[in-house]
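In: Predicted structure and sequence below. I'll ask about it afterward.
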Amino acid sequence: QVPLVESGGGLVQPGGSLRLSCAASDYYVTGWFRQAPGKEREGVSFISNSDGSTYYAESVKGRFTIFRPNTEKTVYLQMNSLKPEDTAVYYCATDPRLRYVSFNPTDYEYWGRGTQVTVSS
């Protein structure tokens, strides 16, 4: 079992920013998913812990940045220009079997408990 712990969620006004963090692992990929009420869980952003390559859903490109400092196992998701439609529970995920980046939540075995992000005025 890999303990993944998210933090950094909260309430922010539209146009604001939040930074999420995930105390992660050294497996090939770490990703952020989100799930809004009544919707399926969707992939948001991913980073390859092997070469630092990053991947984003179209809906967050240009607004979100995923990164992992070289000296840390923590993966961060910097979220700028937040919109009400970004409101969701955000989850960090990883899987020791993956050797590629996947946006499919069923490919991930280990999950954090999630952190709520609410964008509202």
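Out: Perfect, thanks for sending it. Numbers count the residues shown, from 1 in each chain.
In: residue ranges with poor pLDDT in this protein?
Out: Applying pLDDT under 70 to the chain flags residues 1-2.
In: most centrally placed residue in it?
Out: Nearest to the mean C-alpha position of the chain, by CA atoms, centre = their mean, lies residue 32 at 2.1 Å.
In: Just give me the neighbour total for residue 71.
Out: 6 (other CB atoms under 10 Å). (Glycine included, C-beta is placed from N, CA and C.)
In: ok so, going back, next, the residue nearest to the centre of the chain: phi, psi?
Out: phi -110, psi 130 (degrees, to the nearest 10).
In: How much space separates it from residue 121?
Out: 24 Å (CB to CB, to the nearest Å).
In: what about residue 106, which SS state?
Out: helix (DSSP: H, G, I helix; E, B strand; the rest coil).
In: ok, back up a step: which residue, other than its chain neighbours, is closest to the residue nearest to the centre of the chain?
Out: With CB to CB, 6 or more residues apart in numbering as the criterion, residue 32 has its nearest non-adjacent residue at 4.5 Å, and that residue is residue 44.
In: host element of that neighbour?
Out: strand 42-48 (DSSP states H and E).
In: Determine the set of other helices and strands touching that strand.
Out: With contacts taken as 3 or more CB pairs under 8 Å, 6 or more residues apart in numbering; DSSP states H and E, strand 42-48 sits against strand 29-35, strand 54-56, strand 64-67, strand 74-79.
In: could you dump the longest one to CSV, C-alpha only?
Out: Once side chains and other backbone atoms are set aside, the C-alpha atoms of strand 29-35 remain, and they are given as CSV (Å, rounded to 0.1, in the frame of the first residue of the first chain):
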residue,chain,number,x,y,z
VAL,A,29,3.7,8.3,-13.1
THR,A,30,1.8,10.4,-10.6
GLY,A,31,-1.4,12.0,-11.6
TRP,A,32,-4.2,14.2,-10.5
PHE,A,33,-7.8,13.3,-11.1
ARG,A,34,-11.0,15.2,-10.1
GLN,A,35,-14.6,14.3,-9.6
